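Participant: Take a look and give me a structure for this.
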Amino acid sequence: GGRGHGNGGDLGMETWIFVLLLILPNLAIQCFVWLIVYCCVYKWGCCGLSISWIPCYLCCQKIPLTSWNSFHRSSCLSLHQGVMNRHPLQPELVTRCGRCSGLLRRWTRYRTRTVRGNNSFVCEVCHPDTDPCKRFPAFEVINTDSNRFNCFSCDFDVCGECVGKNEEKWFEKRQITCV
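Facilitator: Okay, the predicted model is just below:
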């Protein structure tokens, strides 16, 4: 038995290099595509995750997406006015609802019960173009009692940082015009 061709299962070094050169780029491309999809959906939030229900942050029920409209919110508000009062109106703020120009409430962490997702929010000033029919985990902010300002009737949320910036701008403008 010499070293000829046809030794059964022995593959030469050139064959292994050729196989690796074919497989590695393909594997790298697949990994890159999965990384982009993962980052787009879970990290950057650009695509959003499809949902079929929304956790109501007042009644703490899972509301079908088709029912999450002003009708649910108005009936929910009527039924749960006592709970709503635990989230104080903020008449001292210049910042108002971006939809109805009404007063915002400082939405606290108080809930009648916990439902997955009912204690986080997406600031509509930081992320104005998010689809309300999707979740954007990368944009969600956990409510800390002092960082969520909300108009429940319009389902409009503003984070504490944006409220602070808006209030500062208003006071700066007012000082300039008063001098």
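Participant: For the rest of this, base every contact and every neighbour count on C-alpha atoms.
Facilitator: Will do.
Participant: Just the pLDDT for Arg3.
Facilitator: Looking at Arg3, its pLDDT is 51.
Participant: Now the helix ranked longest in the chain: buried residues?
Facilitator: Scanning the chain for the helix with the most residues, using DSSP state H, yields helix 13-38. Residues of helix 13-38 classed as buried under the neighbour-count rule (16 or more other CA atoms under 10 Å) do not occur.
Participant: For that helix, name the packing helices and strands.
Facilitator: Contacts of helix 13-38 with other secondary structure elements, assessed using 3 or more CA pairs under 8 Å, 6 or more residues apart in numbering; DSSP states H and E, are absent: no helix or strand is involved.
Participant: Name the next helix or strand downstream of it, please.
Facilitator: Secondary structure here is assigned by DSSP states H and E; on that basis, the next helix or strand after helix 13-38 toward the C-terminus is strand 49-50.
Participant: who does that following strand pair up with?
Facilitator: strand 134-135 (antiparallel) (DSSP bridges).
Participant: The very next helix or strand once past the partner strand pairs with which strands?
Facilitator: With elements assigned by DSSP H and E, the helix or strand that comes after strand 134-135 is strand 141-142. On the basis of DSSP bridges, the sheet neighbours of strand 141-142 come out as strand 120-121 (antiparallel).
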